[in-house]
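In: The amino acid sequence is not available; the structure is as follows:
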């Protein structure tokens, strides 16, 4: 009978408690804080917004001790141990650098930046400052993904399939070119990271895209070919709903992950010989999953680490290298005012 390994994920409530500063007060910041407060002993000490009104409103809602009307004031707070960067994609680099230069550890929303050069610059600055730095790719820290990680140790992956499609109304910020909108940075992070996690760095990349009604890129089809010949077929869209499932297959085993594949939930393993096994966990979405990465970060920082071995900065940089190639192939422009950062 096919047996699945158990998740080795430590109890998030047993992680050392850090004092967090939340930089940005939008949707993902709210989900992150909710997850921390429901599932960990981490402290949301301070929040920073572009206005005092916005900071006061968010701080009141989450019970933070301090509210700052500028990001500069937030990172200068001596009682903040770590900054969670939760601003739009094309602001990640500048906001991360601001925190790093203030001597703060940083957890940066995914993707860590919007170009390989920006990601490398963040990594270089964090290393020079001696602070912890990680991309907040929360998926890889879920118990489900620890079980998958153990299964992959015994697999030679031939095929990865993944999609992520969601309909957004035209007034959603994902349609704003000035905020690096479109599916590439917001959604493709998940299937691309999933494929690279299973296959390794791609040797070949091919991509095609079509526009949304307002002219911004609306959907992408992507193919990656790994060094060992494994192939990934990936899709993401902001103009229509898709199953958002994932598949990892070898010659004798197939893992089919329920949608949304990147969130807490279940999967089924089947063998060529007809055996099967099921893994299930409560599908609790962001509020029930974002805290696992934060607990791991707290343990690492307390232990003196400066990177995560689950999501090392080299992997975040490689993801942006692949995204750069996709952007160039499809002709997706960088937002106005964004420049390539020269790596130091």
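Out: That came in fine, so what should we check first? Here the structure is a predicted model, which is why all the values come from computation and not from measurement.
In: Give me the residues contacting stretch 85-97.
Out: For stretch 85-97, the surrounding residues in contact (CB atoms under 8 Å, 6 or more residues apart in numbering) are 22-26, 28-29, 32, 71, 99, 106-109, 111-114, 118, 121-122, 125, 133, 173, 178-180, 185-186, 334-335, 338, 341. (Glycine included, C-beta is placed from N, CA and C.)
In: And the buried ones among the residues you listed, selectable in PyMOL?
Out: With 16 or more other CB atoms under 10 Å as the criterion, this PyMOL line picks the buried residues out of those:
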select buried, resi 22+23+24+25+28+29+32+71+99+106+107+108+109+111+112+113+114+118+121+122+125+133+179+180+185+186+335+338+341
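In: Give the helix, strand or coil label for the residue lying closest to residue 133 once chain neighbours are set aside.
Out: Leaving aside its chain neighbours, residue 133 sits nearest to residue 126 (3.6 Å; criterion: CB to CB, 6 or more residues apart in numbering). Reducing the assignment to helix, strand or coil with DSSP: H, G, I helix; E, B strand; the rest coil, the entry for residue 126 is helix.
In: Same question for residue 270.
Out: In terms of secondary structure, residue 270 is strand; the call rests on three-state DSSP.
In: residue contacts, it?
Out: 253, 254, 256, 276.
In: can you do 6 Å?
Out: For residue 270, the contact set (CB atoms under 6 Å, 6 or more residues apart in numbering) comprises 254, 276.
In: So what sits opposite it in the bridge?
Out: Beta bridges link residue 270 to residue 254, residue 276, judged by DSSP bridges.
In: okay, now the domains of the chain?
Out: Structural domains of the chain, as assigned by automatic domain parsing, span the residue ranges 12-139+291-310, 142-282.
In: picking up where we left off before, mind checking which of the contacts of stretch 85-97 are in helices?
Out: In helices, defined here by DSSP state H, the members of those are 28, 29, 32, 71, 99, 118, 121, 122, 125, 185, 186.
In: Lowest-confidence one in the residues you listed?
Out: In terms of pLDDT, the lowest of those is residue 186, showing 91.
In: roughly how far apart are that one and residue 236?
Out: Residue 186 sits 9 Å away from residue 236 when distances are taken as CB to CB, to the nearest Å.
In: out of the domains of the chain, nearest to residue 6?
Out: domain 142-282 (7.3 Å; CB to CB).
In: Give the residue spans of this protein that score low on pLDDT.
Out: When residues are selected by pLDDT under 70, those of the chain lie in 336-344.
In: residue contacts, the residue positioned nearest the centre of it?
Out: With distances taken as CA atoms, centre = their mean, the chain has residue 137 as the residue nearest its mean C-alpha position (2.7 Å). Residues near residue 137 by CB under 6 Å, 6+ apart: 110, 193, 311.
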